[in-house]
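>>> Structure of the sequence below:
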Amino acid sequence: MPTQGASITVQGGLDLVSSSHALFRTPGAATKLQNFESSTTGGYRRINGYQKWGTTSAVSPSGTVTDLIHGLKNYANGIVVAQSDDLYFSTTGTSYVQINKDTFTTGPGTVSISSGSATVNGTGTSFTTDFAAGDDIKIVSPINGTNIYKILSVTSNTILTLETTAITSSTQNNLTYGIGGILVGSLPAATTLPRTNQSNVKFVNFESTGGQNGTLYFVDGVNKIGEFSIHDDGTYHYEDLNNTSPVGCSLIERYAERIIVAGQTLNPSTVYYSTRLKPYDFTGASAGSIDVGDIITGIKVFRNSLVIFCKNSIYELTNLDSTPIIKSVTKNIGCVSGNSIQEIGGDLIFLAPDGLRTVAGTARIDDVELSSISRKILPLINDLLDNIGNYTLSSIVIRERSQYRLFYYQSGQADSGQRGIIGTFKYSSDGIPAFEWSQTKGLPVKFCTSDLDNSGTEVIYHADESGYIYQHDTGNSFDGNNVDAEFQTPDMDYGDNGLRKSLYKVKANIEPEGTQNDLLLRVRYDFDSSEVPQPGNFNVGNLSSASLFGSAVFGTALFGASSLPSKSILITGSGFSNNFKFFSNDTNAPYSVNGMFVSFIAGGRR
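Down below sits the predicted model:
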């Protein structure tokens, strides 16, 4: 019988719902795709690893690895980490400074305040040297306690004006006051302001204040709204917003030049918004609150509106500069977890009770539509939803790969058993947008954060329960452990399921990013039938990335290799259909499987 062949383009991602017959038509899809990602340039790529931030010199932010981490956020070319009851900052991962400190220093002289007045009068003060408009001043009163104010203007060394009237019912003289901002070297000796019982801390950067780094605002479901910034002069500022701000919120977002918070235990259906351009002020004329009538689970900016995700519904909030407009998007679909909400491909993606969905803009201005995008991995989603109470969810977007990653972390589970889902937003050859899915195993991600640093480079971090911070999506191993990766095709019949084929060679297009000599290929015939002889594993052979002039190192790099290599693998066995599985379990560099050409001899017909 003559030799025949079939070319298979690897594309489509994980498909767990299509029938075996339907999958005959899509041989490049995957029935297993673990620790691979769909590449925007085609094929399936084994994912990068992760490593401790600071590598061998890494330390736990608090110094105690048993202290649980409750959240983290990229900031000022470093990260802010919430651990135990405190917050820490680092730019290296090898040392941290605790930042939830009283960052006010006592000013010279004393001040006087009066009821109904925004004027502060000083005695022996140097206001013009110590303050500028927009700075903070802390005034300590034996009657009204400690209050922090924003300064509207400084008139002289002894007169300044606050943005709001002083909190007092009478004139008070000879009060001590504090000047905001201290140098990093003074932080260890400053008084700690604990964030008692903080959990699942969420951050947002209000970039209009705080200098080039902006100002971080954060909530934890228990405490007051927190504020932290590193100013352009190198001083650190931290404070808990005063009692007029909502307390105990668990959700935070920036919208319409305001801070938006929600998720109070006692008012779970209420969203609060600050005064425009004054994120610390929730009592001004343009501040307010709205009750949407359903338990709020997440808030996220989408185009020119704020999308409010609830347990059983979704709303759209606009027009905060005038009369706020609240519009229902749907009252039939809710959001399971606000931690799943991300923006990607011009849409918002979130986890609904029936799977992952997007809030997509339609052709009609100011209108939206909802669409389900996870049908092909429905068994994975159903398993996640059925056991959602056991998991802590987190998600990130990797911008340069148009990739959404959702992780579900289970406390007490070994790292090797922690799981996640990867969705790559792509356009098909017909120009149709779609997500291609895969799954992760062995990536222990409880909290994660992704953002651009000051040079425009995307930097990603995650944390588990080990007490350390990790650089996500970097290196070739899972913090020194093997990456267990496998890609299995559906069974394929090459267009004729009644004809027996004797396979003898696979020419695979595999693109390595370094040296890979542990990649194996397994072939199974007739749906892994026990009645058919099944061959053992085949070694793909040594793979090495091509050397490029100007970057390769003589004596270590491989010269003369193809930049688009194909590897011929001799195989054995026969059947009416078969599948292929490429798999590796090592710490070698990633590689991409882009396609294959299968050679076979046609045999008898059944």
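>>> Go ahead and name everything in contact with stretch 121-137.
104, 107-113, 120, 148-160, 162, 174, 177-181, 209, 237, 239 (Cβ atoms under 8 Å, 6 or more residues apart in numbering). C-betas here are computed from N, CA, C, even on glycine.
>>> mind checking the SS state of residue 129?
When classified by DSSP: H, G, I helix; E, B strand; the rest coil, residue 129 comes out as helix.
>>> sorry, back to before: which of the contacts of stretch 121-137 are buried, as a ChimeraX select command?
Command for ChimeraX, covering only those of the contacts of stretch 121-137 found buried under the criterion 16 or more other Cβ atoms under 10 Å:
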select :104,107,111,112,113,120,148,149,150,151,154,157,158,160,162,177,178,179,180,181,209,237,239
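>>> Give me the most central residue, this structure.
Geometric centre of the chain, nearest residue: residue 396, 2.2 Å, by Cα atoms, centre = their mean.
>>> tell me which residues form a beta bridge with it?
Counting by DSSP bridges, residue 396 is bridged to residue 405.
>>> swap in residue 515?
On the basis of DSSP bridges, residue 515 is bridged to residue 544.
>>> got it, and residue 524?
According to DSSP bridges, the partner residues bridging residue 524 are residue 579.
>>> neighbouring contacts of the lengthiest helix in the chain?
Secondary structure assigned by DSSP state H gives helix 378-386 as the longest helix of the chain. Applying Cβ under 8 Å, 6+ apart, the contact partners of helix 378-386 are 16-17, 336, 351, 353, 355-356, 374, 391, 408, 421, 439.
>>> Which parts of the stretch 251-400 of the chain are strands?
For the stretch 251-400 of the chain, the strands defined by DSSP state E, counting those that start in this stretch cover 251-255, 258-262, 270-273, 288-291, 296-302, 305-310, 314-318, 325-330, 337-344, 347-352, 355-361, 368-372, 392-398.
>>> so can I have a markdown table of those showing distance to residue 37 and mean pLDDT?
Listed next are these as a markdown table, based on distance: least, Cβ to Cβ, whole Å; pLDDT from 0 to 100:
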| stretch | distance to residue 37 | mean pLDDT |
| --- | --- | --- |
| strand 251-255 | 28 | 98 |
| strand 258-262 | 33 | 98 |
| strand 270-273 | 35 | 98 |
| strand 288-291 | 40 | 97 |
| strand 296-302 | 24 | 97 |
| strand 305-310 | 27 | 97 |
| strand 314-318 | 29 | 97 |
| strand 325-330 | 31 | 95 |
| strand 337-344 | 14 | 97 |
| strand 347-352 | 16 | 95 |
| strand 355-361 | 16 | 89 |
| strand 368-372 | 21 | 80 |
| strand 392-398 | 9 | 98 |
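>>> Please name whichever of those is nearest to residue 520.
Among the strands of the stretch 251-400 of the chain, strand 392-398 comes nearest to residue 520, with 28.0 Å by Cβ to Cβ.
>>> list the helices and strands the closest one packs on?
With contacts taken as 3 or more Cβ pairs under 8 Å, 6 or more residues apart in numbering; DSSP states H and E, strand 392-398 sits against strand 337-344, strand 403-409, strand 447-452, strand 458-463.
>>> Among the strands of the stretch 251-400 of the chain, single out whichever gets nearest to residue 534.
Nearest to residue 534 among the strands of the stretch 251-400 of the chain is strand 355-361 (35.0 Å), distances taken as Cβ to Cβ.
>>> List the residues that contact residue 532.
Contacts of residue 532 by Cβ under 8 Å, 6+ apart are 525-526, 573, 575.
>>> Now it, what are its backbone angles?
With angles defined as degrees, to the nearest 10, residue 532 sits at phi -120, psi 130.
>>> let's number from 89 now, not from 1
I'll keep to 89 as the first residue from here, and by that count the last item is residue 620.
>>> Next one, pLDDT for it please.
You'll see residue 620 listed with a pLDDT of 95.
>>> how near is it to residue 325?
Distance of residue 620 to residue 325, computed by Cβ to Cβ, to the nearest Å: 71 Å.
>>> same question, residue 542
Between residue 542 and residue 325 the computed distance is 19 Å (Cβ to Cβ).
>>> on that earlier part again, I'd like the contacts of residue 620 as a markdown table, with neighbour count and secondary structure appended.
Formatted as a markdown table, these follow (neighbours: other Cβ atoms under 10 Å; DSSP: H, G, I helix; E, B strand; the rest coil):
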| residue | neighbour count | secondary structure |
| --- | --- | --- |
| 613 | 22 | strand |
| 614 | 20 | coil |
| 661 | 18 | coil |
| 663 | 22 | strand |
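>>> now, which of these sits nearest residue 655?
Nearest member of the contacts of residue 620 to residue 655, counting by Cβ to Cβ, is residue 661, at 18.8 Å.
>>> and the closest one, what is it in contact with?
By Cβ under 8 Å, 6+ apart, residue 661 lies in contact with 590-591, 611, 613, 620-623.
>>> same question, residue 525
With contact taken as Cβ under 8 Å, 6+ apart, residue 525 is in contact with 101-102, 121, 126, 462, 464-465, 509-511.
>>> Can you tell me who it pairs with across the strands?
Beta-bridge partners, per DSSP bridges, of residue 525: residue 511.
>>> For it, give its distance to residue 534.
Look at residue 525 and residue 534: by Cβ to Cβ, they are 22 Å apart.
>>> Please apply the same query to residue 483.
Taking Cβ to Cβ, one finds residue 483 at 12 Å from residue 534.
>>> One more: residue 244?
In this view, residue 244 and residue 534 are 52 Å apart by Cβ to Cβ.
>>> ok, residues contacting the lowest-mean-pLDDT helix or strand in the chain?
Among the helices and strands of the chain, strand 456-460 carries the lowest confidence by mean pLDDT, DSSP states H and E, at a mean of 80. Applying Cβ under 8 Å, 6+ apart, the contact partners of strand 456-460 are 390, 402, 404, 417-418, 421, 440, 442-450.
>>> go on, stretch 557-565?
With Cβ under 8 Å, 6+ apart as the criterion, stretch 557-565 contacts 135-142, 146, 149, 157, 160, 167, 169, 178, 181, 484, 486, 533, 536, 538, 547-552, 567, 571, 602, 675-678.
>>> Derive a ChimeraX selection command for the buried subset of those residues.
ChimeraX command restricting those to the buried ones, with burial defined by 16+ other Cβ under 10 Å:
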select :135,136,137,138,139,140,141,142,146,149,157,160,167,169,178,181,484,486,533,536,538,547,548,549,550,551,552,567,571,676,677,678
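>>> Out of the helices and strands packed on strand 480-486, which is closest to residue 653?
Nearest of the helices and strands packed on strand 480-486 (Cβ to Cβ): strand 491-497, 24.9 Å.
>>> re the thing from before, what angle separates the least confident helix or strand of the chain from strand 384-390?
Using axes from the mean of the first three to the mean of the last three Cα atoms, to 10 degrees, the direction of strand 456-460 lies 120 degrees away from that of strand 384-390.
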